[in-house]
Each structure stands twice: as C-alpha cells, then as structure tokens.
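Peer 1: Provided below for reference: sequence and predicted model.
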Amino acid sequence: MKNLRNVLFLLSALALASCSKKDKAVISTPLLQVGKSVSNTAPLSGAIKGTMLASQTYTVSGDVTVNAGDTLLIQKGVTIKVNNGATFIVKGILLSLGTKDAPIIITDPSKTKTTGNSSAATDPAYEGGWGGIYCDVTCPLLVIKWTHLDFAGAALVAPPFNGPSTGDQYAIYWQNPTGAIILEDSWIYGTPDDAVRFYGGHLNMMRNTLEKCGGTGGDGFNAKGGAQGNMAYNLIIGSATNGTKSANDGATGSVQTQIAMYNNTYVNDGFRNDGVYGARSGSAEIENNSRAYAYNNLIVDCNFGVRIAGGNNVTAKVYLADTLSHADGPINKTSYGYNFYYVDNVAQANQIVPTNVAQAVVTHPQATDIPNMASFLGATYTFGFAYDGTTLVGKNNPLFVNYTLPNLNFANQASVDGFDFHLQANSPAVGKGTTTAFTPITSGIPINDNFGSSGITAPGKDIGCFQMDGSGNHH
C-alpha cells in the first residue's frame, strides 16, 4: 500500500509539472502571410502578388510588377536571384521582412562581391546587375527590413511609368508624395548612381549599411521633391558623392523637402565624383531650398564636411539651401552641430567647413563640433573663405574597434570588408552627441512591425551610428 501511495504521489507530481510546463509554453508567432503563396518552381516575371515563403529561393527572369491594390510580401530568409537586368515595378505594396537571424537577399547571381581597393572602372559593383525597385505614385507603402540589395541599378531600358527616365540606375526609386518608404537594418551594396532617390513622401531610413554607391557620381540617400523624414544611424562608406542629401528639385505645391540627418557614420565618401570639385559634398549636403538637421554625425576621411549650399553656379547647378526660420513643417530652420571630423590630408582639413571652391556656401563653423571649428577659425572668419587646416590632419582619431587610422587609402576603400566601425570605449566620440537640440520627424511615418517603421530611434549620445548601449546600428 505504501508503495502504491508513493506511485500515486509521483504521478500526481508529474501531472502538476506537466500542467505547469504547458502553462508556461511559448507558442511561436506565425509569419505574416498575404494572399496565396508564390511558387518558386519556375522563374518569375510579369504581375506578381501574395507571399514568397520563408527560406525559399526564387528566380526572377524578367520585370515583375506588383499592381495597384496588390501586395507582395517576402518572408524572412528568402533569396531572390534576379537575372537579365530585371526590375521590380511596384504600383501596390511591397513588404520585404527579413530578420537579423534570417535576412532576405536580392541579388544578381552572376556577380560577386570584392574586397579591398575599389575603382569605378574595374569593380562590378558599379556596373548595375538587376534593375532595382521602382515605386509609382500609386504605391502607398514600401517596407524593407533586414534585406540585402546587392548589385542593383541596371539601366532602365524604358521607364515603367511617368517619372523615371531611360537609363536611370538606382537601387530604389520612390515618387509617391503621400506614401511612406521604410528602409531599416538593411544593406545596399553597389549601385552605378544613387542608392535611393526619393521624390516626395514620408521616409525613415535607419540603421542601414551602404557600400560602393555611385560609380562616377551618385549619392547614398538623395531626397528631393518635398520628401520629409529621417536618415539616421546609417553607415555609409565609399559613396561616390554625398552620403546623404536633401534638395527640393521636383517639388510640387507647398510641401518642402525636410530631412533629419543624425547619428550617421560617413567614411571615405566623395572621391569618385568626376564632376566639378567643390560642386558637391562628401558627407551630408543641404541644397536647393531644402531644410535639414545635421547632428551627431561621425565624418571620417570625407572630401567635404556638412555642406550648406549658398548659391547657383552654371557648372555646379546647386541652388541656395533654405536656412530661414519657418513654422510650416517639422523643421523650423536648417541647423547643425555636434559633428565629429577626422581627416588624413590637408585638402580634407581645408573642407571640414566647406569653402567657396566652385560656388558659394553658407556653412557656419560650429563650436559644438569636434574639432571646435568656431574657435579654430576665430570670430573674424567669414563663411565660404579658404583657410589653412594643416594642423587638423590626423587629429581626433575616433578610435574604431577595427579600422586603423591614419589610412591614406581612403579614396579606394569603399566597403566594410572585415573592418569594425563600432567605437572603442575610450573613443573621443563617446558621449559627445546631443539628445536635445532637435527632434526627429514623425509626421506621416507609420509605426508597425510589418506595415511600417519598427520605431523612430531618438538621437543618441554617442556620435556616429554605433551606440555604446546598443541602441543604434545593429550591423
């Protein structure tokens, strides 16, 4: 009897334990699915909608179109091999929802990434492989998260709708003035021209890595036409011209281009542009009646510092930035500061505060910058005038975890490779940013895990895209 009681007690305990485990069981959340599954048994072209299933490999053989009213969802871990220079034409909604552990890859399978020295003449990154993603005015939403866009920018043979031009070579083209474009935690590797060109719309470009963008010209993010939003926590290395840019070209109505550019890390930008020297920047540029914030940016071995365009020149064709006070949008006045500069030659040192090399600029020296350019240039300095920055060369090493400075190969190193641009704990950029001088733009940006931004990260106290507390770029 005693043994029977012991057995019954043990069974009861096991039953209770089993119930307890069931109560605490975690049930995985099913992946979002939109419409029917897209088959991967044959190459894709033409109209497409539904869901590309997780971890599957798809082949695209010709242009694919997401029609107005339709949605194409790409689940985590998908690989898309795009042949024949095919383009994604988006008139509906495109959602590319990779994860950190299972990113999405969209690439031209005939091309291979290279490391080390890079030149526009020999590196396949600047040729354009597949056509990129072109969004029409009827596209209300483009969401790209944890996605590799590699070797995009094959020249358009013919525009798929009004707006882009024959020969355009972008990874992403956007033109819906009322829609939202979200690019977060993603990678763009290799484009012949701009990585992303926007005409209008609400944008949140956060925590991305851009490498080798632009062959002999082109920017990382190029916002025009009344676009409004944020470019923050991005690592942009080896861009042909600017890393980030705002301009008001192509704007319609009263909406004005307004961009918050903050906590970005710009490395080796501005050295492949074959245009007039001094007509474009090499880090952040605000031009042509646009407004911007530019704060907490780490700018290393770039051709120019933050550049506020001051006027027109017949060769440069860059017009006056809007530096006036307003109360008609998210940004009341263009402002900038708390930016950190490191340079490895005198030409760069002489352009930490850009000067009137090809046209007038109105960039003011900032006492909050590192180095303190207001103090270095003195109270009598007039913006736009040339100065001698010789003593600034090699000063204020930001102390990256794994990227040795000085590095006189800055014009040719355009990819991350095995380097690590996180900051060491004793970096002079740690704790030197501002968290109160401005507020990111939130208007028109949807916040949603699947159908919007994962969240608008506030300005970080450490200068650059990598934060010591892990809140910035996660690459």
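Peer 2: Done, it's in.
Peer 1: rest of the way, CA atoms for contacts and neighbours
Peer 2: Noted.
Peer 1: average pLDDT across the biggest strand by length in the chain?
Peer 2: Longest strand in the chain, counting residues (DSSP state E): strand 57-66. Strand 57-66 shows a mean pLDDT of 98.
Peer 1: now stretch 201-217
Peer 2: Mean pLDDT, computed over stretch 201-217, is 98.
Peer 1: what comes up buried for that stretch?
Peer 2: 201-217 (16 or more other CA atoms under 10 Å).
Peer 1: likewise stretch 318-326?
Peer 2: Neighbour-count burial for stretch 318-326 flags 318-323 (criterion: 16+ other CA under 10 Å).
Peer 1: likewise for stretch 167-187?
Peer 2: 168-187.
Peer 1: residue contacts, Leu156?
Peer 2: With contact set as CA atoms under 8 Å, 6 or more residues apart in numbering, Leu156 has these partners: 131, 165-169.
Peer 1: can you tell me what sits against stretch 115-130?
Peer 2: Residues outside stretch 115-130 that contact it (CA under 8 Å, 6+ apart) are 82-87, 107-108, 111-114, 151-155, 169, 189-192, 212-216, 272, 412-415, 417.
Peer 1: quick one: average confidence on that stretch?
Peer 2: 96.
Peer 1: same thing with stretch 374-394?
Peer 2: Stretch 374-394 shows a mean pLDDT of 96 in the predicted model.
Peer 1: pull the residues that contact it.
Peer 2: Here stretch 374-394 makes contact (CA under 8 Å, 6+ apart) with 342-346, 349-350, 354-356, 360-367, 371, 405-406.
Peer 1: so of those, which ones are in helices?
Peer 2: If you go by DSSP state H, the contacts of stretch 374-394 have 346, 349 in helices.
Peer 1: which of the contacts of stretch 374-394 count as buried?
Peer 2: Among the contacts of stretch 374-394, the ones that count as buried by 16+ other CA under 10 Å are 342-345, 349-350, 354-356, 360-366, 371, 405-406.
Peer 1: quick one: residues contacting Asn356.
Peer 2: The contact partners of Asn356, taken as CA under 8 Å, 6+ apart, are 278, 384-386.
Peer 1: about what we covered before: could the buried residues of stretch 318-326 go into a markdown table alongside distance to Ser61?
Peer 2: Formatted as a markdown table, those follow (distance: CA to CA, whole Å):
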| residue | distance to Ser61 |
| --- | --- |
| Val318 | 40 |
| Tyr319 | 42 |
| Leu320 | 44 |
| Ala321 | 43 |
| Asp322 | 45 |
| Thr323 | 48 |
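Peer 1: in helices only, show me those residues.
Peer 2: Among the buried residues of stretch 318-326, the subset assigned to helices under DSSP H is empty.
Peer 1: quick check: the farthest pair among those?
Peer 2: Across these, the longest distance by CA to CA is 14.8 Å; it joins Val318 and Thr323.
Peer 1: in which helix or strand does Ile456 reside?
Peer 2: Under the criterion of DSSP states H and E, Ile456 resides outside all helices and strands.
Peer 1: count of residues packed around it?
Peer 2: As a burial measure, Ile456 scores 18 neighbours (other CA atoms under 10 Å).
Peer 1: repeat for the one 4 residues further on
Peer 2: Each residue near Gly460 was counted by other CA under 10 Å, and the total is 27.
Peer 1: over to it: give its phi and psi.
Peer 2: The phi and psi values for Gly460, taken as degrees, to the nearest 10, are phi -100, psi 150.
Peer 1: what segments of the stretch 51-200 of the chain are strands?
Peer 2: Secondary structure of the stretch 51-200 of the chain (DSSP state E, counting those that start in this stretch): strands located at 57-66, 71-74, 79-82, 87-90, 93-97, 104-107, 132-135, 141-145, 147-150, 172-174, 180-184, 187-191, 196-199.
Peer 1: can you add distance to Gln256 and give those strands back as TSV?
Peer 2: Below are the strands of the stretch 51-200 of the chain laid out as TSV (distance: least, CA to CA, whole Å):
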stretch	distance to Gln256
strand 57-66	29
strand 71-74	29
strand 79-82	36
strand 87-90	25
strand 93-97	25
strand 104-107	33
strand 132-135	20
strand 141-145	20
strand 147-150	29
strand 172-174	16
strand 180-184	16
strand 187-191	27
strand 196-199	11
